[in-house]
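In: one predicted model, sequence on top.
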Amino acid sequence: MAIDTTPVDPNAPLKKKPISFQNLAIGAALNMFEVTTLGQPFEVIKTQMAANRGQSMAGSIATVWSRGGVFGFYQGLIPWAWIEAATKGAVLMFAVSELEYLFRLQGASVPVAGILGGMGGGIVQAYTTMGFCTFMKTVEVTRHKGGSGPQKSTLQVAAEIFKREGIAGINKGVNAVAVRQCTNWGSRFGLSRIAEDLIKGKDKTRKLSDLEKIAASTLGGALSTWNQPIEVIRVEMQSQLKVAGRPEKMTIATAAKWIYSQSGFLGFYRGVTPRICLGMWQTVCMVAFGDKVKAHFEKRK
C-alpha cells in the first residue's frame, strides 16, 4: 500500500479523494507480487522467531527449511496470504479515503487527518480481511507437521477450527491484529511525513524525487516496527504450539504476561529484524513499483 506523500495545500477547498478502481486493482496485484516473492519468507521467519523465542534467526531459518525446503518459507501463502494480499490494499485505500474526508470535515489538519485515517483504515483491515488470514498463516507455521499418517490440508484445519470454535475461533487474535494495524499505519503515515520534512530541509515547498520518496517511506516503514511487542503478542495468541502451563484461551493481557514470564522483556522483540526487512520490501514494492505501474497505465489513457 503506497503512502501518498504529495504536498497538500491546507487552504484548498475540501474535496473527497476519488476511489480509482484501476488503482485498487494495481494495489492488489502489487500486494500479490510482494507476498509471493520475499514477503511471505520474511513473514514466516518473523512468525517462527516470535512463536519460538528461544531460537536464533539461524535456528529459525533452519527449522523452516526442515519443514519443506524452499517451500517451507511459503507456508500459509495459498490461500491465506493471497486472500489477504488481494483484499487488504483495497480495504485500506477505501477506508482511509473516507475517514480522512470525515476528519477534515470536523476541522482536523491534513497531517492529523492522514494519521487518524491510517489508524482507522488499519483497524478496518483487521476486522474485515486480515484477522482470519493472519490467524491461518500463523497456524500453518506453528502447527505440528510430521508423522506417518496423512497430513491435513490447511483448508481442513480451518474447517475443523470453525466447526469447533465458530467465527471467534477462526479470528483468534484479531484484537491484537487490529492494534498492530492501527499503530502500523498511524506510524507509517506520521513517521514518513516527518522523514520527508527532514529530507526537504528548509525548502518545505519542493517536491521530493522518487528516490527521496522511497527513502522517506522506507525509513517510516522500518521505524514503525516499534510496535513489535504487539506483533509477538498476536503470534502467541494465534500459535498452535503446545507448552506446559500455557493458558488455553489468551487475551492480549494474558499473552503479554505469559511471554514476559517465559522470555523476559527481550522476548517482545523476537522477530523484529525480519519484520524490518518485510516492511522495507513492502515499501519498495508498493511505493517504487506502484508509482511506476500507475504512471504506465496513466500514459495509456
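Out: Yes, it's here.

In: from here on, just use CA atoms for contacts and neighbour counts.
Out: Fine.

In: and residue 152, how far from residue 165?
Out: Remark: distance between residue 152 and residue 165 (CA to CA, to the nearest Å) = 18 Å.

In: neighbour count: the two, which is higher?
Out: residue 165 (13 against 10; other CA atoms under 10 Å).

In: tell me which stretches of the chain form helices.
Out: 21-34, 40-51, 57-66, 82-105, 110-125, 131-142, 154-170, 174-200, 210-223, 228-238, 252-263, 272-283, 290-299 (DSSP state H).

In: can you list the ones you listed in CSV and add mean pLDDT and distance to residue 75?
Out: Listed next are these as CSV, based on pLDDT from 0 to 100; distance: least, CA to CA, whole Å:
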stretch, mean pLDDT, distance to residue 75
helix 21-34, 85, 15
helix 40-51, 95, 7
helix 57-66, 95, 9
helix 82-105, 86, 12
helix 110-125, 85, 22
helix 131-142, 90, 6
helix 154-170, 90, 10
helix 174-200, 85, 19
helix 210-223, 83, 24
helix 228-238, 94, 15
helix 252-263, 95, 24
helix 272-283, 88, 16
helix 290-299, 75, 26
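
In: out of those helices, nearest to residue 245?
Out: Residue 245 sits nearest to helix 252-263 of all the helices of the chain, at 9.3 Å, using CA to CA.

In: for the helices of the chain, give me CSV that also has distance to residue 72.
Out: Formatted as CSV, the helices of the chain follow (distance: least, CA to CA, whole Å):
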stretch, distance to residue 72
helix 21-34, 17
helix 40-51, 8
helix 57-66, 5
helix 82-105, 16
helix 110-125, 27
helix 131-142, 9
helix 154-170, 14
helix 174-200, 24
helix 210-223, 25
helix 228-238, 18
helix 252-263, 26
helix 272-283, 16
helix 290-299, 28
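
In: for these, which one sits closest to residue 244?
Out: Closest to residue 244 of those is helix 252-263 (CA to CA; 11.4 Å).

In: list the buried ones in the closest one?
Out: 255-256, 258-259 (16 or more other CA atoms under 10 Å).

In: hmm, who's touching stretch 272-286?
Out: 1-2, 27, 30-31, 34, 38-39, 42-43, 45-46, 214, 217-219, 221-222, 225, 228 (CA atoms under 8 Å, 6 or more residues apart in numbering).

In: extract the C-alpha set from it and format it as CSV.
Out: Output in CSV follows, covering the C-alpha atoms of stretch 272-286 (Å, rounded to 0.1, in the frame of the first residue of the first chain):
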residue,chain,number,x,y,z
VAL,A,272,11.9,-7.7,14.7
THR,A,273,14.8,-8.0,12.2
PRO,A,274,12.9,-10.0,9.5
ARG,A,275,9.9,-7.7,10.2
ILE,A,276,12.0,-4.6,9.4
CYS,A,277,13.1,-6.4,6.2
LEU,A,278,9.5,-7.2,5.4
GLY,A,279,8.5,-3.6,5.9
MET,A,280,11.2,-2.3,3.7
TRP,A,281,10.3,-4.8,0.9
GLN,A,282,6.6,-3.9,1.2
THR,A,283,7.6,-0.2,0.8
VAL,A,284,9.8,-0.8,-2.3
CYS,A,285,7.0,-2.8,-3.9
MET,A,286,4.1,-0.5,-3.1
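
In: use 11 as the first number for this chain going forward.
Out: Okay, residue one is now 11; in that scheme the one you just asked about reads as stretch 282-296.

In: give me the distance from that stretch to the chain's centre.
Out: 10 Å (CA atoms, centre = their mean, to the nearest Å).

In: cool, stretch 299-311 as well?
Out: How far stretch 299-311 lies from its chain's middle: 25 Å, per CA atoms, centre = their mean.

In: mind saving the C-alpha coords of it as CSV?
Out: C-alpha atoms of stretch 299-311 as CSV (Å, rounded to 0.1, in the frame of the first residue of the first chain):
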residue,chain,number,x,y,z
PHE,A,299,6.9,-0.2,-8.2
GLY,A,300,3.5,1.2,-7.5
ASP,A,301,4.3,4.7,-8.8
LYS,A,302,5.9,3.3,-11.9
VAL,A,303,3.0,0.9,-12.7
LYS,A,304,0.4,3.7,-12.1
ALA,A,305,2.3,6.1,-14.3
HIS,A,306,2.5,3.5,-17.1
PHE,A,307,-1.3,3.0,-17.1
GLU,A,308,-1.9,6.7,-16.9
LYS,A,309,0.0,7.2,-20.1
ARG,A,310,-2.2,4.7,-21.9
LYS,A,311,-5.4,6.6,-21.1
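
In: alright, I will stop here.
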